[in-house]
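A.B. asks: This is a predicted model, with the sequence first.
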Amino acid sequence: EPDVAPLMAELVDQSLVRIDLPSDGSARYDMLSAMAAYAADYLAETGAAQAVADRHAAHFLQLAEDAVPHRRGPREPVWVAGLRSERANLRAAYEWFVSSGRIRDALRLMTALVDEVLMREQREIGRWAEQLVAHPGAQGEPLRAVALALAGLTAGVESRADDARRLSTEALAVAAEPTDGPWWIAHNTLSFLAAADADQQEWEGHLEAMEAHSRATGDPLAEALAQFDRVLLFEMAGHPERGEKAAEAPLDLAAERSNPSLRSMALLTHAKVLAPDDPARAGAELREALALASTASNTIVAQQALRALQELNARSGGHAAALASLREVARSFADRGNVAEQTLTLISMLDSLVALGAYEVAATICGAVSRTPFHPTARVLLIDTTVAERLDRDRYVAARRAGASMTSADLVAYASTQVKELAGDLGPT
């Protein structure tokens, strides 16, 4: 409305409203708490509170849904940054939908923000999914399948394997059409659970279903993730060469979209296959993947690219390289709540620990990892065999037993402390 701008300028002059001027040329206004409280009381007294809350929630639902196609194209970083700045408003919209009984709209908002869980570890959206799965108003809604899939994914990254399997299986049972939303996430979760059981036929079936979902909807993410997962699962199984074909396809897919996240995933996938034979080229691709993932705030790919770079560096140098790699990889992982990513980071430390002669620490981590879905990976088995040969049996068994008894929180604290001690660093790593 034409009178809004001068009114806001006057409120800023009177220090009743704050203004923020981001570098993109926009302007954001923020009420002081006293002003916000007065406005809420005024709306309640005049009977306008519900109408204003409805308009607010509808606006931010529309914004989230409008962003979805743009996050598959070249302007992904701009739209991601825009949504990030509106996180408080999106949360308020969700809470209003739930409190006012508009569960279908709450499901729509959750679905529009799925990428924030898949790529940016915003597990708050996963908590919304868990809440909506149990809500009576969600029964019979097509998007409940997405809520179940997202809740299953959240359980998976928190190492709650039984919950992950149950929720993901139910998601597939109630899902109808591919156009009913990205419930293919359930296939993604179940593929890793099948890999933990060494059932290649099952995990391949789940990945093929993800690719079929992309063909049906035109959204490339499911197919890109399927190829990404396929390379990772072959690597975990000790057969990285079998992922070569899968590593090529995402590059073509990313080129079609000029999308930072898709290209960073493709480069990371390709570099994993290249690393044994061409570490220099793999390193270049990993650095590009890290840069692209960072521009799109894709924390999952950025962390995996960083981890892969440090592994590459550790294998190409001696003691100093191993120590530098260990410290860099461990720098921030202790603060992360994603148990699956933390576990993968611990596994990536194993080569460096062995290079440094920290056999008991490596054996302890192997013992802890034995209780997770990642225990059958070829790397863990190889390291476990190596440390068993280097330690006398009593020390090896004691270290393994200590690791197996640790909670996830205990293991993270233990690994952080050991890295500091190995580095001779009493400050934060």
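C.D. replies: In hand now; what should we look at?

A.B. asks: What residues of the helix or strand harbouring residue 293 count as buried?
C.D. replies: Assigned by DSSP states H and E, residue 293 falls within helix 279-295. By 16 or more other C-beta atoms under 10 Å, the buried positions in helix 279-295 come out as 279, 282-283, 285-286, 288-290, 292-294. Glycine gets a C-beta too; all of them are placed from N, C-alpha and C.

A.B. asks: Reformat those as a markdown table; add distance to residue 130 and pLDDT.
C.D. replies: What follows is these, written out as a markdown table (distance: C-beta to C-beta, whole Å; pLDDT from 0 to 100):
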| residue | distance to residue 130 | pLDDT |
| --- | --- | --- |
| 279 | 42 | 86 |
| 282 | 38 | 89 |
| 283 | 40 | 89 |
| 285 | 37 | 92 |
| 286 | 34 | 91 |
| 288 | 36 | 92 |
| 289 | 31 | 92 |
| 290 | 32 | 90 |
| 292 | 31 | 91 |
| 293 | 27 | 92 |
| 294 | 29 | 90 |
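
A.B. asks: what packs against the helix or strand that comes right after the helix holding residue 293?
C.D. replies: Per DSSP H and E, helix 279-295 leads on to helix 299-316 as the next helix or strand towards the C-terminus. Judged by 3 or more C-beta pairs under 8 Å, 6 or more residues apart in numbering; DSSP states H and E, helix 299-316 is in contact with helix 260-274, helix 279-295, helix 319-329, helix 339-355.

A.B. asks: Mean neighbour count, those: which tops it?
C.D. replies: Most buried of these by mean neighbour count (mean count of other C-beta atoms under 10 Å) is helix 260-274; its value is a mean of 26.

A.B. asks: so how far is that one off the chain centroid?
C.D. replies: 16 Å (C-alpha atoms, centre = their mean, to the nearest Å).

A.B. asks: Direction-wise, compare that helix with helix 279-295 and give the angle.
C.D. replies: 160 degrees (axes from the mean of the first three to the mean of the last three C-alpha atoms, to 10 degrees).

A.B. asks: and residue 204, what element?
C.D. replies: Residue 204 belongs to helix 200-217, assigned by DSSP H and E.

A.B. asks: what sits up against the next helix or strand after that helix?
C.D. replies: Using DSSP H and E, the helix or strand that follows helix 200-217 in sequence is helix 221-236. With contacts defined as C-beta atoms under 8 Å, 6 or more residues apart in numbering, helix 221-236 is touched by 72, 115, 118, 182, 184, 188, 191-192, 195, 203-204, 207-208, 210-211, 213-215, 240-243, 246-247, 249-250, 253-254, 262, 265-266, 268-269, 272-273, 374, 376-379.

A.B. asks: Just the buried subset of these, please.
C.D. replies: Buried among those by 16+ other C-beta under 10 Å: 72, 115, 118, 182, 184, 188, 191-192, 195, 203-204, 207, 210-211, 213-214, 240, 242-243, 246-247, 249-250, 253-254, 262, 265-266, 268-269, 272-273, 374, 376-377, 379.
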